[in-house]
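predicted model follows, preceded by the sequence.
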Amino acid sequence: MNILVTGANGQLGREMRLIAQDTPYHFIFTDVVEAEGVETTLLDITSLEAVKQLVKAHDIHCIVNCAAYTNVDKAESDEAFCRVLNAEAPRNLAEAMKEVNGLLIHISTDYVFGGDPYNLPCREDQKGTPTGAYGRTKLEGEKYIQATGCDYVILRTAWLYSEYGKNFVKTMLNLTATKPQLKVVFDQAGTPTYAYDLAKAIQTILQDYTVESPTSGYSKTGIYHFSNEGVCSWYDFTKAIAAMAGQTQCDIQPCHSNEFPSPVKRPAYSVLDKTKIKETFGIQIPYWIDSLKDCVNHLKELKYDKKNMEK
């Protein structure tokens with residue numbers, strides 16, 4: 001099976017590169033820019049013609065879309081371009097897969113929720129109530145994909161982090177190591193997601209798709225939720241990050257969201273119900289603390305190795 005990965009130089013895309021080493025499939029990794037040390041095929045997913053040409057040239061059976069506009073604050077003043085990347089580009093990918101009877105695995109977000117006060121984990125069939133441009137455009141992208149009639153698996157995830165790129169874990173590791181005191185919001189609850197765990201879930205879906213080899217539609221087409229297990233606030237998340245890194249000198253204090261004015265209202269509670277994906281694909285999902293330990297330990301090793309190389 002030939003698989004095209006978009007956004008291959010981002011957090012999830014880099015994890016997909018690692019996963020690819022343990023699969024029998026042939027992967028084409030694409031992005032809009034090249035990255036040092038990894039092979040990248042340049043692809044502008046906002047061009048339907050460019051997508052179709054690459055799909056045809058490499059006989060692509062599946063697209064894993066890791067590309068997105070993810071700057072939540074900037075999206076409020078840049079909604080038009082945000083919509084191009086988060087809604088119109090996924091539609092291009094869906095139309096290309098529809099044309100060849102392939103599968104689109106698309107990454108969406110917990111930000112499709114937030115407008116209503118929730119106190120129970122959000123289900124896949126729950127009405128989307130986004131509170132900002134990022135969430136609105138991601139929800140539009142989901143609807144565009146569904147409207148094409150292609151086989152799809154939409155994976156909503158949340159609070160994504162990894163060893164790669166810019167993310168909350170790496171930012172907090174730096175801040176708790178350099179600041180005497182830090183305030184972090186405690187009135188937004190969700191679940192961190194280790195990008196490697198999400199990539200492993202995608203691997204399971206790809207394997208299932210290969211086994212089923214659908215000729216008249218993939219039986220598991222639909223929307224699914226994936227994050228790590230458990231729930232915490234950003235404050236709890238930060239405390240855990242600092243403790244695992246052994247950085248106890250920083251005084252981390254809880255605060256309210258309104259102490260950090262933002263152009264967008266973020267979901268106060270966006271814990272995702274993962275019952276459907278676990279039952280459908282037999283996926284066992286790690287607890288967020290356990291996965292965070294893995295990531296922090298890997299980052300420590302990378303830092304140690306870098307220091308050795310610099311000696």
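Received the coordinates, thanks.

for the chain, what are the low-confidence residue spans?
Along the chain, segments meeting pLDDT under 70 span 304-311.

hmm, 50 instead?
In the predicted model of the chain, residues 306-311 satisfy pLDDT under 50.

show me where it has its strands.
With DSSP state E, the ranges of strands along the chain come out as 2-6, 26-31, 41-42, 62-65, 103-109, 151-157, 160-161, 181-185, 189-190, 193-194, 222-225, 232-233, 251-255.

so of those strands, which one's packed in deepest?
strand 62-65 (a mean of 28; mean count of other Cβ atoms under 10 Å). Where C-beta positions appear, they are placed from N, C-alpha and C, glycine not excepted.

starting at the chain centroid, how far to that strand?
13 Å (Cα atoms, centre = their mean, to the nearest Å).

that one pairs with which strands, and in what direction?
strand 2-6 (parallel), strand 103-109 (parallel) (DSSP bridges).

export the ones you listed as a markdown table, with columns for distance to residue 152.
Shown next, in a markdown table, are the strands paired with strand 62-65 (distance: least, Cβ to Cβ, whole Å):
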| stretch | distance to residue 152 |
| --- | --- |
| strand 2-6 | 14 |
| strand 103-109 | 5 |
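
count of neighbours near residue 67?
The number of residues packed near residue 67 is 27, by other Cβ atoms under 10 Å.

so it touches residue 44, yeah?
No. The criterion here is Cβ atoms under 8 Å, and residue 67 misses it with residue 44 at 10.2 Å.

one step back: for residue 226, find the nearest of the strands paired with strand 62-65.
strand 103-109 (9.2 Å; Cβ to Cβ).

now that closest one against strand 151-157, angle please.
Interaxial angle of strand 103-109 relative to strand 151-157 (axes from the mean of the first three to the mean of the last three Cα atoms, to 10 degrees): 20 degrees.

ok, residues contacting strand 103-109?
Applying Cβ atoms under 8 Å, 6 or more residues apart in numbering, the contact partners of strand 103-109 are 12, 61-66, 68, 90, 93-94, 97, 134-135, 138-139, 141-142, 145, 150-158, 198, 202, 205-206, 209, 218, 223.

return the distance of stretch 192-211 from the chain's centre.
With Cα atoms, centre = their mean, you get 12 Å for stretch 192-211.

go through it and flag the buried ones.
192-203, 205-206, 208-209 (16 or more other Cβ atoms under 10 Å).

residue 293 against residue 245, yeah?
No. Using Cβ under 8 Å, residue 293 makes no contact with residue 245, being 10.4 Å away.

these two: who's more crowded?
residue 245 (18 against 15).

all helices of the stretch 101-250 of the chain, in order?
Assigned by DSSP state H, counting those that start in this stretch, the stretch 101-250 of the chain shows helices spanning 133-148, 168-178, 195-212, 234-245.

name the nearest residue to residue 102, ignoring sequence neighbours.
residue 61 (5.0 Å; Cβ to Cβ, 6 or more residues apart in numbering).

check residue 236 too.
Nearest to residue 236 is residue 186, by Cβ to Cβ, 6+ apart, at 7.5 Å.

residue contacts, that neighbour?
233-236, 254-256.

reformat the residues you listed into a markdown table and put distance to residue 285 next to each item.
Formatted as a markdown table, those follow (distance: Cβ to Cβ, whole Å):
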| residue | distance to residue 285 |
| --- | --- |
| 233 | 20 |
| 234 | 21 |
| 235 | 23 |
| 236 | 19 |
| 254 | 27 |
| 255 | 30 |
| 256 | 30 |
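
from those residues, which two are the most distant?
236 and 256 (15.0 Å).

these two: which has the busier surroundings?
Between residue 236 and residue 256, counted using other Cβ under 10 Å, the more crowded position is residue 236 (19 against 11).

please report how far the more buried one lies from residue 45.
36 Å (Cβ to Cβ, to the nearest Å).

now do residue 176
36 Å.

more neighbours: these two, which one.
Comparing residue 176 with residue 45 by other Cβ under 10 Å, the one with more neighbours is residue 45, at 25 against 22.

right, and the more buried one touches residue 55 too?
No. Between residue 45 and residue 55 there is no contact under Cβ under 8 Å: 11.1 Å.

rewinding a little: next, format the strands of the chain as a markdown table and append distance to residue 273.
Shown next, in a markdown table, are the strands of the chain (distance: least, Cβ to Cβ, whole Å):
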| stretch | distance to residue 273 |
| --- | --- |
| strand 2-6 | 27 |
| strand 26-31 | 31 |
| strand 41-42 | 36 |
| strand 62-65 | 23 |
| strand 103-109 | 15 |
| strand 151-157 | 10 |
| strand 160-161 | 18 |
| strand 181-185 | 23 |
| strand 189-190 | 12 |
| strand 193-194 | 14 |
| strand 222-225 | 6 |
| strand 232-233 | 16 |
| strand 251-255 | 26 |
